[in-house]
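J.: need a structure here:
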Amino acid sequence: MTSAAPAGDRDRIVERLAELASALDRRDWDAIGAAFTETATGYRRTGRAAIVETVRDHLGGCGPSQHLLGNHRVEIDGDRARSLTYARVYHQGAGPFEGRSYECLGEYDDRWERTPDGWRITSRAFRISISLGDFAVLRPA
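T.: Okay, the predicted model is just below:
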């Protein structure tokens, strides 16, 4: 995938990805929802509210997490875009899972739409290539 995006749009999308990663780690459910369009698909759900609920189910019961992003590839076609982004995500266990952790490495495949409020995700998929530790530290939806 080549970067055919004008620098401004590419930078805005990469910044939105960073904002979303930070919101995930802060458990800022409103900011997470704001990253998606109302009818988006992601985390195997459809609709902004269902996406936020799923993320809350997974992250709401674990301890701190850190979403590290890199190797951004962005293609823009008018008011639509696609980004592929490597991610390394660490989750610390809490409660009965204290002392355990789960880490996954993979790639986000996001589809974007330019809206009056800026770029928003219309579709998100995360393909895990490496999985380490105990997935049970996340509360599966």
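J.: could you list every helix and strand in contact with the lengthiest helix in the chain?
T.: With DSSP state H applied, the helix covering the greatest number of residues in the chain is identified as helix 7-26. Counting contacts by 3 or more Cβ pairs under 8 Å, 6 or more residues apart in numbering; DSSP states H and E, helix 7-26 is packed against helix 29-34, strand 65-77, strand 80-92, strand 101-115, strand 118-133. In this view, the C-beta of every residue, glycine as well, is placed from N, C-alpha and C.
J.: buried residues, it. List them.
T.: Judged by neighbour count using 16 or more other Cβ atoms under 10 Å, the buried positions of helix 7-26 are 9-10, 12-14, 16-17, 20-21, 23-25.
J.: need the contact list for the residue nearest to Ala35 when sequence neighbours are not counted.
T.: The shortest distance from Ala35 to any non-neighbouring residue, by Cβ to Cβ, 6 or more residues apart in numbering, is to Leu20 (4.5 Å). By Cβ atoms under 8 Å, 6 or more residues apart in numbering, the contact set of Leu20 is 31-32, 35, 121.
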